[in-house]
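> Please find the sequence and the predicted model below.
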6 protein chains.
Amino acid sequence: MSRKPIEYADATPAVRAVFDDIKRTRNVPDVNNFWKYLAHDPVTLRRTWESVKEVMGPGALDPLVKEMIYVAVSVTNGCGYCIASHTMAARNAGMTEAMFGELMAIVGMANETNRLVSGYRVPIDAAFG
Amino acid sequence: MSRKPIEYADATPAVRAVFDDIKRTRNVPDVNNFWKYLAHDPVTLRRTWESVKEVMGPGALDPLVKEMIYVAVSVTNGCGYCIASHTMAARNAGMTEAMFGELMAIVGMANETNRLVSGYRVPIDAAFG
Amino acid sequence: MSRKPIEYADATPAVRAVFDDIKRTRNVPDVNNFWKYLAHDPVTLRRTWESVKEVMGPGALDPLVKEMIYVAVSVTNGCGYCIASHTMAARNAGMTEAMFGELMAIVGMANETNRLVSGYRVPIDAAFG
Amino acid sequence: MSRKPIEYADATPAVRAVFDDIKRTRNVPDVNNFWKYLAHDPVTLRRTWESVKEVMGPGALDPLVKEMIYVAVSVTNGCGYCIASHTMAARNAGMTEAMFGELMAIVGMANETNRLVSGYRVPIDAAFG
Amino acid sequence: MSRKPIEYADATPAVRAVFDDIKRTRNVPDVNNFWKYLAHDPVTLRRTWESVKEVMGPGALDPLVKEMIYVAVSVTNGCGYCIASHTMAARNAGMTEAMFGELMAIVGMANETNRLVSGYRVPIDAAFG
Amino acid sequence: MSRKPIEYADATPAVRAVFDDIKRTRNVPDVNNFWKYLAHDPVTLRRTWESVKEVMGPGALDPLVKEMIYVAVSVTNGCGYCIASHTMAARNAGMTEAMFGELMAIVGMANETNRLVSGYRVPIDAAFG
């Protein structure tokens, strides 16, 4: 359902308030499609934005690392939209071509060894605690 | 098949050569179960170790970031062994409890928004290139 | 392989028999692409249709709930075709925009907490039996 | 990391406040392991609880349906803890053995047809909109 | 739910009929746990057995290849039970240690390149049709 | 990043060396998009090609079986590019329409029973060792 984005001009005040906060926080002129589609459910829109803002905001990990972790999960899940948007965000946060190459190499390798572990039914070493 | 680990004492020279290189590279007294089970297939053992050594070695990303990306993939795939081993490796590389908390929060959030994108069938913004 | 749909006019009697039963059971003028592609393997076509008819037919759960469960799985797997077809089927069975919003919110949240459980390696409570 | 649950007696006031709200909302004497492990990160604990409370609270879908959707996602992801806890929650909300059987049958069937769609590369019908 | 296996002695005639057919078809003295748990839902038990019997029976692919494909999927999904049971079935059908090693190597490599394709957003070559 | 393929004419000597080896090994006039995109990271390009060449080369399993296993994993992961390329490779290795149909049937069935096992929480039979 909800096969159309909701643009700012057509949004309710509750949706506009979230859109305004996204634009202010990220210093962008418009929100991307993800938020325009979520706007069909203002409760989920607000909750998701508040969560993303908290999780991706300043903390113990720097913004570039956070975005690369987001890309790693999205690639593993094969989410095309998420890969495109978070790869761009990572690039905007300073990811170089070399960093991207290493990120992809690790994601590929982890997906490979995760399955080797399953297939060989490797028991957890006592040392891992 | 291959439901038993292959210990150094019982290993062929080809397997011992890989075990020796792992121990030397990581400065550990013994290899963990993953390698002892892979040793049932010496070709895959060698190839996997050469690949992991190259991918996780020095580069554009620091070792802690690399291990956290490995954890992010392993958590998304639900690989218990891989989560245990790479969480320990990340901790050894300097991951604090606060960093681990943020890592988990991002992995959780990415898995959530990956599905919201799928369910709402959000088209990729032209700006993502 | 099998990169073309098989239309009724070109179908064998065995395939037509399945197509006819789908059209009769669902009261539709034509079958959708899923069945037209499966028709390349008449045995799988018949078995899959018999199974879907049994599983999605009258029972302890009402049709709308059944379709929403189907959507939940398809979104988790990121199957675009399945999301589109079963979201439409759920809407035809009475799913409102508000129901769809809650369905998406639960699917997103479950995918998030599934990973938090993995990452924190939470042991099963004795009370869960 | 964080390989031990945090019990109420050892919890900080911020964690206790969340635990108290969970116990009050669900009318249970103690919180389950999921919350005791998340308590290592009080920010994620609070945010996750607030989100779960909102998503699983009263709305357009009844509580039993919500729990069955949660089970469907958890089974698809193979999350043992989540399957155990939400199957119990669904049972407490009125899920009968017959309903559980149909839930499993749909989840199994959806996972099967999701892959048939991928493998046969079925294009989305124009009618799905 | 249904946390106990249903043994032949306690089974209804409908369940016994399926158990008898499994034992006869596979020439085994007892059915394994999978069927004993599915027996809580006799309709799903019967349908699943009829489907498995048809899919895994004689056809264009030999039994060993069929079992190895089953293992490949189960390893990718991380289903411990399925890996154990179908690895044993493949071994009984003639899988050697060398074949198992190659199977694992391919499954690992495919899981790796699947993600490299996603991450690099590789468009399908026109030649793939 | 790296949203363009790197063609032979624009490639560095290191990349050309890999491209040449792919063309020679597979006896094809040009490499496909996968390699042209990976070429943005010459180290990963070389390592991935060396690994694929080793894993998919002559061994205990015949080339057709190897390609079908690759398809089984790719379908389970929903990787459209990988499904298209390895289905074509399997066809070139001799996969008939009947074989493809059985492959799809097994992949679908395995994905279904993997989830039934999870949902019913079936314990591993002692006999599986």
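Cool, got the structure. Numbering: from 1, shown residues only, chains lettered A, B, ... in the order given.

> tell me the SS of the closest residue to chain F within chain A?
Shortest chain A-to-chain F distance, computed as CB to the nearest CB: residue-wise this is A:Gly101, at 3.3 Å. In this view, the C-beta of every residue, glycine as well, is placed from N, C-alpha and C. Judged by DSSP: H, G, I helix; E, B strand; the rest coil, the three-state class of A:Gly101 is helix.

> number of nearby residues for the closest residue in space to it that isn't next to it in sequence?
Spatial nearest neighbour of A:Gly101, chain neighbours left out: F:Asp41 (3.3 Å); criterion: CB to CB, 6 or more residues apart in numbering or on different chains. Residue crowding around F:Asp41 was assessed by other CB atoms under 10 Å in any protein chain shown; the count is 23.

> mind listing what F:Asp41 touches?
Taking CB atoms under 8 Å, 6 or more residues apart in numbering or on different chains as the criterion, F:Asp41 is in contact with A:Glu97, A:Ala98, A:Phe100, A:Gly101, A:Met104, A:Ala105.

> and if we set it to 10 Å?
Applying CB atoms under 10 Å, 6 or more residues apart in numbering or on different chains, we find F:Asp41 in contact with A:97-98, A:100-105, E:116, E:120, F:2, F:15, F:47-48.

> now swap in A:Lys23 and tell me
Shown in contact with A:Lys23 (CB under 10 Å, 6+ apart): A:Tyr8, A:Pro29, A:Asp30, A:Val31, A:Trp35.

> Confirm for me that the last one is in contact with A:Val18.
Yes. The pair A:Trp35 and A:Val18 qualifies as a contact (CB atoms under 10 Å) at a distance of 7.3 Å.

> Could you tell me which residues of chain A lie near chain C?
Within chain A, the positions adjacent to chain C are A:1-3, A:38, A:40-45, A:47-48, A:51, A:73, A:77-80, A:124, A:128 by CB under 10 Å from any CB of the partner chain.

> Where does the spatially most central residue of chain A fall, secondary structure wise?
The centre of chain A sits closest to A:Tyr70, judged by CA atoms, centre = their mean, with a distance of 4.5 Å. In this assignment (DSSP states H and E), A:Tyr70 forms part of helix A:63-77.

> what packs against that helix?
The helices and strands touching helix A:63-77, judged by 3 or more CB pairs under 10 Å, 6 or more residues apart in numbering or on different chains; DSSP states H and E, are helix A:42-56, helix A:80-92, helix A:97-120, helix B:63-77, helix B:97-119, helix E:97-119.

> could these be laid out in CSV, adding distance to B:Val55 and mean pLDDT?
Output for these, formatted as CSV (distance: least, CB to CB, whole Å; pLDDT from 0 to 100):
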stretch, distance to B:Val55, mean pLDDT
helix A:42-56, 26, 98
helix A:80-92, 18, 97
helix A:97-120, 5, 98
helix B:63-77, 8, 98
helix B:97-119, 19, 98
helix E:97-119, 10, 98
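
> Quick one: buried ones out of the contacts of A:Lys23?
Among the contacts of A:Lys23, those buried by neighbour count (16 or more other CB atoms under 10 Å in any protein chain shown) are A:Val31, A:Trp35.

> in the contacts of A:Lys23, which two residues are the furthest apart from each other?
The largest separation in the contacts of A:Lys23, counting by CB to CB, is between A:Pro29 and A:Trp35 at 13.3 Å.

> Quickly find the element holding the closest residue to A:Thr96 other than its chain neighbours.
Nearest non-adjacent residue to A:Thr96, counting by CB to CB, 6+ apart: B:Ala60, 6.4 Å away. B:Ala60 is part of no helix or strand, with elements assigned from DSSP H and E.

> hang on, the earlier thing: next, the angle helix F:63-77 makes with the helix holding A:Tyr70.
Using axes from the mean of the first three to the mean of the last three CA atoms, to 10 degrees, the inter-axis angle of helix A:63-77 relative to helix F:63-77 is 120 degrees.

> buried stuff in stretch A:28-46?
A:31-46.

> Okay, A:Pro42 and C:Glu97: tell me how far apart.
Per CB to CB, to the nearest Å, A:Pro42 is found 11 Å from C:Glu97.
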